[in-house]
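Asker: I'll drop the sequence and a predicted model, then ask my questions.
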Amino acid sequence: MSVLVVVECDNGEVKKSSLEVASYGSQVAQMLGTTATAVAVGEATEANLASLGEQGISKVLYDNDSRLKDFVNGAYTKLIAAAAQQESAQIIVLANSNIGTAVGSRLSVRLQASLATNVVELPKTDGGQFVVKRGAFSGKAFSDVVLSGERKIIAVKKNSMEPLHNAGQTATVEQFSAQLADADFADAPKQVIMQEQAGGILLPEADKVVSGGRGMKGPENWNLIEDLAKALGAATACSKPVSDVDWRPHHEHVGQTGITVSPNLYIACGISGAIQHLAGVNSSKVIVVINKDPEAPFFKAADYGIVGDVFDVLPKLTQAVKELN
């Protein structure tokens with residue numbers, strides 16, 4: 001079973017979630033006694049693609065068609081399917097991201113493949129079965145799923161794997177053409193709006209996030225959130241009630257009906273912790289909650305908690321981070 005890894009790139013850089021996917025794919029290949037090949041989507045540089053060798057990738061296929069710079073579902077699906085056909089890949093690994101979930105379902109139909117999303121562990125192959133563990137019910141439960149199809153597609157949940165660090169290892173980068181026609185771009189968006197947060201950090205890919213809720217008492221106090229985010233090199237976010245009253249733009253809304261984030265650090269300021277909000281952040285590695293209400297539900301999900309007024313705590317925390325830096 002050869003393994004194909006889908007690597008998402010943006011502004012020339014490989015996304016962190018794709019580094020995790022590359023690590024996952026190469027470890028699956030090692031388990032099966034084969035090699036892992038990657039196919040890159042988005043805007044990339046040859047040097048960054050070659051560095052995927054540190055994640056155990058032996059070869060990277062890259063189609064430099066300028067029309068592929070931004071996500072187009074039909075074109076990306078055809079590109080990945082063509083790469084899978086060329087490499088005779090039986091296992092395709094991608095990120096459980098907006099792109100991954102959209103493309104994964106189409107690929108499943110096109111390639112007649114079994115599909116598992118939100119996967120959190122390496123597969124088990126005992127007894128001749130191929131079993132993956134996936135998160136369910138917004139991270140409150142897990143299920144073991146048997147992928148019985150000849151081809152298998154695995155969408156890996158963010159922060160489920162650590163990127164490897166095989167220093168000095170490089171992958172071979174090969175030009176690849178899927179022979180895409182204009183019809184493959186029929187579902188291309190008419191306009192692409194990049195919704196970046198303070199500091200130019202794209203929220204779904206942010207390694208650190210500072211988020212505010214109604215406890216901030218108004219948009220005029222958001223400089224406290226932004227100051228801490230700037231000191232940490234973090235993106236800013238908010239709870240749904242905050243975006244509903246237009247204190248912050250809707251693309252910063254994190255939660256079950258907003259953006260799902262999986263940073264290494266999530267700082268919640270003045271957010272009570274409704275179940276809908278928790279569903280969007282519970283994949284974070286470390287959650288810090290700042291709230292003056294000691295009974296706030298968010299404290300139950302927190303790794304660290306500060307019971308105090310955000311207007312007293314945030315300036316001191318920001319100053320401490322600046323001194324540390």
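Answerer: Yep, it's here. If you're wondering where the values come from, they're calculated on a predicted model, not measured in any experiment.

Asker: which helices and strands sit right next to the lengthiest helix in the chain?
Answerer: Looking across the chain with DSSP state H, the single longest helix is helix 16-32. Contact partners of helix 16-32 among helices and strands, from 3 or more CB pairs under 8 Å, 6 or more residues apart in numbering; DSSP states H and E: strand 2-14, strand 36-44, strand 89-95, strand 152-156. Quick note: C-beta positions are derived from backbone N, CA and C, even for glycine.

Asker: can I assume residue 325 is in contact with residue 231?
Answerer: Yes. Between residue 325 and residue 231 there is a contact under CB atoms under 8 Å: 6.8 Å.

Asker: between those two, which is the more surrounded one?
Answerer: Legend: neighbour count by other CB atoms under 10 Å for residue 325 and residue 231, higher for residue 231 (18 against 8).

Asker: the more buried one: what's it in contact with?
Answerer: Residue 231 sits next to 318, 321-322, 325 when contact means CB atoms under 8 Å, 6 or more residues apart in numbering.

Asker: swap the cut-off to 6 Å and go again
Answerer: Residues near residue 231 by CB atoms under 6 Å, 6 or more residues apart in numbering: 318, 321-322.

Asker: low-confidence ranges, the stretch 101-250 of the chain, go.
Answerer: Residue ranges of the stretch 101-250 of the chain with pLDDT under 70: 189-200.

Asker: what about the helices in the stretch 201-325 of the chain?
Answerer: With DSSP state H, counting those that start in this stretch as the criterion, the stretch 201-325 of the chain has helices at 223-232, 240-244, 275-281, 310-324.

Asker: tally of neighbours for the closest residue to residue 30 other than its chain neighbours?
Answerer: Leaving aside its chain neighbours, residue 30 sits nearest to residue 56 (7.2 Å; criterion: CB to CB, 6 or more residues apart in numbering). Using other CB under 10 Å, residue 56 has 23 other residues around it.

Asker: got a pLDDT number for residue 56?
Answerer: For residue 56, the pLDDT comes out at 95.

Asker: how about it, phi and psi?
Answerer: Residue 56 adopts backbone torsions of phi 90, psi 10, taken as degrees, to the nearest 10.

Asker: that one reaches residue 26, doesn't it?
Answerer: Yes. Here residue 56 lies in contact with residue 26, judged by CB atoms under 6 Å, at a distance of 2.7 Å.

Asker: part of a strand, is residue 49?
Answerer: No. If the criterion is DSSP: H, G, I helix; E, B strand; the rest coil, then residue 49 is helix and not within a strand.

Asker: list the contacts of it.
Answerer: Contact partners of residue 49, counting by CB under 6 Å, 6+ apart, are 40, 60, 173.

Asker: skipping adjacent residues, who's closest to residue 100 in space?
Answerer: In space, not counting the residues next to it along the chain, residue 100 is nearest to residue 94; the distance is 4.2 Å by CB to CB, 6+ apart.

Asker: cool, residue 219 as well?
Answerer: Spatially, and ignoring its direct neighbours in sequence, residue 219 is nearest to residue 247 (4.2 Å; CB to CB, 6+ apart).

Asker: domain parsing for this protein?
Answerer: The record's domain parsing of the chain by automatic domain parsing lists 2-185, 198-324.

Asker: so residue 176 makes contact with residue 61?
Answerer: Yes. The criterion here is CB under 6 Å, and residue 176 meets it with residue 61 at 3.8 Å.

Asker: what segments of the stretch 151-300 of the chain are strands?
Answerer: Along the stretch 151-300 of the chain, counting by DSSP state E, counting those that start in this stretch, strands occupy 152-156, 172-175, 208-212, 235-238, 265-269, 286-291.

Asker: parallel or antiparallel, which strands does the first one pair with?
Answerer: Pointing back at strand 152-156 there. Strand pairing for strand 152-156, determined by DSSP bridges: strand 89-95 (parallel), strand 114-119 (parallel).

Asker: the first one: how far from the chain's middle?
Answerer: This points to strand 89-95. Mean C-alpha position of strand 89-95 versus that of the full chain (CA atoms, centre = their mean, to the nearest Å) differs by 16 Å.

Asker: which positions in that strand come out as buried?
Answerer: 89-95 (16 or more other CB atoms under 10 Å).

Asker: can you list contacts of it?
Answerer: Here strand 89-95 makes contact (CB under 6 Å, 6+ apart) with 1-6, 17-18, 21, 24-25, 84, 100, 151-155.

Asker: now the residues you listed: which count as buried?
Answerer: Neighbour-count burial (16+ other CB under 10 Å) is assigned, among these, to 1, 3-6, 17-18, 21, 24-25, 84, 100, 151-155.
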